[in-house]
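Trainee: make a model of this:
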Amino acid sequence: MDIEEAVPTRRMVRAFDDRPVEETQLIKLLDLARSAPSAGNTAATEFVVLTGSARQSYWDITLPAERRGSFSFPSLPAAGALVLVLTRPDAYAERYAEADKSWTGLGSGTDVWPVPFWWVDAGAVIQNLLLLAHAQGLGALLFGAFDNEPAVMKQLDIPSDRRLVAVVALGHPAENPGRAGRSAGRRRPRIESITHRQRWNQGDEGRS
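Mentor: Take a look at the predicted model:
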């Protein structure tokens, strides 16, 4: 599958069977995904990968047993791997304090960054991972830990200077895809309405 096919056909998958993801395939996916660009080549995106019984430690915190009966996507926890995508914001201040970047003034701390590029860079890695998984016939779902971030990080001994950007569930899609996400039917804006040439203009606000 080439990139022009993978991009428009990729979808979030919420129903998985319980087949594991092969370790060699998983490592290759992560190695390719991290090839995304990063500010100053800081490359501060990291992964915690949960497979086998280790997956349960995540779900026990974020989807406890008493909630699973009413959960809209009951086979999501069957996904063969959970990839926790992490970033270390301080790495960016450290990198931009180095001689070739110190002129930017961004090395004094993360609070001086007008756009926190650690989130941008991690997002690029995540998009790579989603597309690569789809191209290799796997299903993938991106979701956030939100208020569960501190508990998950504590459970998994993740250092406090990291941030949990998001989680990607990877696995083999179930034959029955189940119900779609609530946003699946929402149309995207037409390209003309979000593309402004030479200067900002009103454009066409319709959705296709």
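Trainee: and after the least confident helix or strand in the chain by mean pLDDT, which helix or strand comes next?
Mentor: Ranked by mean pLDDT, DSSP states H and E, the helix or strand of the chain with the weakest confidence is helix 65-68, at a mean of 87. Next helix or strand after helix 65-68 toward the C-terminus (DSSP states H and E): strand 81-87.
Trainee: A helix includes A166, no?
Mentor: No: using DSSP: H, G, I helix; E, B strand; the rest coil, the assignment for A166 is strand, not a helix.
Trainee: who touches the spatially most central residue of the chain in this structure?
Mentor: What sits nearest the mean C-alpha location of the chain, by C-alpha atoms, centre = their mean, is I126, with 3.9 Å. By C-beta atoms under 8 Å, 6 or more residues apart in numbering, the contact list for I126 reads A33, V85, L142, V165, A166, V168. To be clear about C-beta, it is placed using only N, CA and C from the backbone, and glycine gets the same treatment.
Trainee: same check, this time on A166
Mentor: A166 neighbours (C-beta under 8 Å, 6+ apart): V85, A122, I126, L142, F143, G144, A145.
Trainee: filter these down to the buried ones, PyMOL style.
Mentor: Restricted to buried positions by 16 or more other C-beta atoms under 10 Å, the PyMOL selection for the contacts of A166 reads:
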select buried, resi 85+122+126+142+143+145
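Trainee: quick one: which of the contacts of A166 sit in helices?
Mentor: Counted as lying in helices by DSSP state H, out of the contacts of A166, are A122, I126.
Trainee: number of nearby residues for L63?
Mentor: L63: 15 surrounding residues under other C-beta atoms under 10 Å.
Trainee: how about the nearest residue to it, chain neighbours excluded?
Mentor: Here the nearest residue to L63 in space, its sequence neighbours aside, is F71; by C-beta to C-beta, 6 or more residues apart in numbering that works out to 6.3 Å.
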